[in-house]
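A.B. asks: Next comes the sequence, and after it the predicted model I'd like to discuss.
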Amino acid sequence: MAFKIKKDPIGTIPKGQLIFWIIVRVSLIICSAYSFINGDLVMGFESVFCFIFTHLWDMFQIFGNGSFIEEVPPISQTALNLIIFIGIPFGSYLSLFDRIWWFDIFMHFMSGVVCAVFGYDFAVIIQRKKGQCAATLAAL
């Protein structure tokens, strides 16, 4: 079987989420350009990596090749983009990690919530052919 690259299903993404994804991606490009111009290579590469990571759902859809990974809903990517958007432009560039003592705790908590959402989505997708998701799998 030959590998086929499919069209990006951009029409299946709700417009509000798509606009938010674009805002996040543009802000990360601006952050990385600002960092490289000012000689901060670590923040520049961090922004570039996060920019690539904001395309995770797109890569799932294009390179999924018929696997379960194509069924990840776009809301999961939106949650991931929200964490990246709060963490990089606001947390790092506006120094909220240094100015607000609880901001790092908040970000770790929210990252855990996003990981749990992704994990639950994967559990439901994996169990899709067997009916309702098993409670033990969902709990894991």
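C.D. replies: Thanks, I have the structure now.

A.B. asks: pLDDT weak spots in this protein?
C.D. replies: Across the chain, the ranges flagged by pLDDT under 70 are 1-11, 66, 129, 131, 133-135, 137-140.

A.B. asks: repeat that with 90
C.D. replies: Scanning the chain with the threshold set as pLDDT under 90 gives 1-15, 17-18, 53-78, 80, 89, 91-95, 115-140.

A.B. asks: Can you show me the helices along the chain?
C.D. replies: 15-37, 41-53, 56-63, 74-85, 96-99, 103-126, 135-139 (DSSP state H).

A.B. asks: deepest of these, which one?
C.D. replies: Burial of the helices of the chain is given as mean neighbour count (mean count of other Cβ atoms under 10 Å); helix 74-85 ranks first at a mean of 20. Just so you know, the C-beta spots here come from the backbone N, C-alpha and C atoms, and that holds for glycine as well.

A.B. asks: Check the offset of it from the chain's centre.
C.D. replies: Helix 74-85 sits 4 Å away from the centroid of its parent chain (Cα atoms, centre = their mean, to the nearest Å).

A.B. asks: Now do it and helix 41-53, the angle between them.
C.D. replies: 170 degrees (axes from the mean of the first three to the mean of the last three Cα atoms, to 10 degrees).

A.B. asks: residues making contact with helix 74-85?
C.D. replies: Outside helix 74-85, the residues within contact range by Cβ atoms under 8 Å, 6 or more residues apart in numbering are 12-14, 17, 20-21, 23-24, 27-28, 50, 53-54, 56-57, 107, 110-111, 113-114, 117-118, 121.

A.B. asks: In CSV, could you pull the C-alpha coordinates for that helix?
C.D. replies: C-alpha atoms of helix 74-85 as CSV (Å, rounded to 0.1, in the frame of the first residue of the first chain):
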residue,chain,number,x,y,z
PRO,A,74,-9.8,19.7,16.9
ILE,A,75,-10.7,20.9,20.4
SER,A,76,-7.7,18.9,21.7
GLN,A,77,-5.4,21.0,19.5
THR,A,78,-7.2,24.2,20.6
ALA,A,79,-6.6,23.3,24.3
LEU,A,80,-2.9,22.6,23.5
ASN,A,81,-2.7,25.9,21.6
LEU,A,82,-4.2,27.7,24.6
ILE,A,83,-1.5,26.3,26.9
ILE,A,84,1.2,27.3,24.4
PHE,A,85,-0.3,30.7,24.0
